[in-house]
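Chemist: Would you be able to build a 3D model of this:
(one chain, ligands or ions: 2)
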Amino acid sequence: MPSYGSGQAATSLDESEKVHEMEIIRIASYHRRGFDLAVAWTNPREHDRVLLGTIRDTSATLGNLQCLPLEIIHEIFLLLDIRALFNFRHINRRAQQIVTVACGYKAVVTHALETLCIILRTTIASWFTLSDLLKVLYTRDCHLCGSFGGFIFLPSFMRCCFFCIQEDSLPPVLPLSIVKKSAKSRPGHPNTLVPIVKSLPGIYSMDEIVRKRRVQIMSAEYFGRLPLHKADDRTRATQEKETELLRYMVTTSLPYLNTETGVIQNGISCSGCQIALEKALRSSRTGPSSCALRDKVYSYDEFMQHFRECREAQKLWELSNQGVDVAKISEFVRRRGYFKKRDVIMSFHSQ
Ligand SMILES: [Zn+2]
Ligand SMILES: [Zn+2]
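Modeler: Ligands and ions are numbered 1, 2, ... in the order given. Here you go, the predicted model:
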């Protein structure tokens, strides 16, 4: 049985290995911000407005609710949808205080504030609870392909990856206007029957297409809940043109939180593979795998496995004098995969 001393030595070795790995990750990888900007996102200036809101009443009591023990109130919070929870939080200062210490609230606000803002602004917040969001925050891999998934598909709160968004592997989505045409007239607006995402004005997809008008979008997986005339209408609705951009409008970035280590990950790409692609382009020797490798998004562990096989990433590490000097990196990596100043272009976003 190992002595306490040797166990401690092993722990320090593990820790120094972890530090070494994080240094390699810092030098040889980057987060592909260009992917985050191709889906729904908000200007960070808006975060405070969403988070702080306007306190409607300056009184500091919860009225009759005050009689309940705090644990019961927190149990009720778990049942409230995100919109209702935020509405409650804005009632007064006391309400704000007790929501702030509710289970999971801090994790979401600390690590997924951008996602939370999108969820509130796209009006999907009234369909899901904070626990639903936490479940996705704690899930690492794409539900559809198993790769690292740095995104959430809003109509069903499903973890997904950028590749599945780009390759159209998500459940089909369509504008509500098309569905309404096929719906039988009967009481009950579709908005009250199925989750609807109200898109935000923005620039979508890697082709950077501007959309200023907000569109109500639903997932075809909820068709069963709607009173459509017949199966043909459902098929026709999913085949409508102009639906290509919609999948970018109903997804947004969401980091992964490892609950055991507390480490948050956004997904990283290999700087070495970008350099390899640029070299191949110069010599006109690009293969179909060059772009795929450049666009792959890894978790930290997956990246370290890749690093052991990627000669260009290893060269970057060596050139940096093992993390001491800043290695000369490609312009694409330095700009994290995007070139245009979308912050400027997106100024109409907050209007
Ligand atoms: Zn995927
Ligand atoms: Zn690589």
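Chemist: Could you use CA atoms for every contact and neighbour count after this?
Modeler: Noted.
Chemist: Show me what from the stretch 151-300 of the chain comes close to ligand 1.
Modeler: Counting by Cα under 5 Å from the ion, the stretch 151-300 of the chain comes close to ligand 1 at 161, 164.
Chemist: Which positions in the stretch 151-300 of the chain make contact with ligand 2?
Modeler: Near ligand 2, when you scan the stretch 151-300 of the chain using Cα under 5 Å from the ion, you find 270, 272-273.
Chemist: Just give the nearest non-adjacent residue to whichever residue of the stretch 251-351 of the chain sits closest to ligand 2, would you?
Modeler: Proximity of the stretch 251-351 of the chain to ligand 2 (Cα to the ion) peaks at residue 273, 3.9 Å away. Among residues not flanking residue 273 along the chain, residue 294 sits closest, at 5.1 Å (Cα to Cα, 6 or more residues apart in numbering).
Chemist: and the helix or strand containing the one you found, average pLDDT?
Modeler: If you go by DSSP states H and E, residue 294 is part of helix 288-295. For helix 288-295, mean pLDDT rounds to 85.
Chemist: mind starting the numbering at 19 from now?
Modeler: Got it, the first residue is 19 from now on, which makes the last one we talked about helix 306-313.
Chemist: who touches that helix?
Modeler: Applying Cα atoms under 8 Å, 6 or more residues apart in numbering, the external contacts of helix 306-313 come out as 287-289, 291-292, 294-295.
Chemist: Counting neighbours, what do you get for residue 41?
Modeler: Around residue 41 there are 16 other residues, counting by other Cα atoms under 10 Å.
Chemist: quick one: buried residues of the helix holding residue 312?
Modeler: Neighbour-count burial for helix 306-313, counted by 16 or more other Cα atoms under 10 Å, picks out 308, 311-313.
Chemist: Between those residues, which sits nearest residue 229?
Modeler: Of all the buried residues of helix 306-313, the one sitting nearest residue 229 is residue 313; the distance, using Cα to Cα, is 25.0 Å.
Chemist: Quick check: the gap between residue 217 and residue 315.
Modeler: Counting by Cα to Cα, to the nearest Å, the gap from residue 217 to residue 315 is 26 Å.
Chemist: Grab the CA positions of stretch 99-107 and hand them over as PDB.
Modeler: The C-alpha trace of stretch 99-107 is given here as PDB (Å, rounded to 0.1, in the frame of the first residue of the first chain):
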ATOM      1  CA  ASP A  99     -39.400  28.000 -16.400                       C
ATOM      2  CA  ILE A 100     -36.400  30.300 -17.000                       C
ATOM      3  CA  ARG A 101     -38.600  33.300 -18.000                       C
ATOM      4  CA  ALA A 102     -40.800  32.900 -14.900                       C
ATOM      5  CA  LEU A 103     -37.700  32.600 -12.700                       C
ATOM      6  CA  PHE A 104     -36.300  35.800 -14.100                       C
ATOM      7  CA  ASN A 105     -39.600  37.600 -13.800                       C
ATOM      8  CA  PHE A 106     -39.700  36.600 -10.200                       C
ATOM      9  CA  ARG A 107     -36.100  37.700  -9.700                       C
END
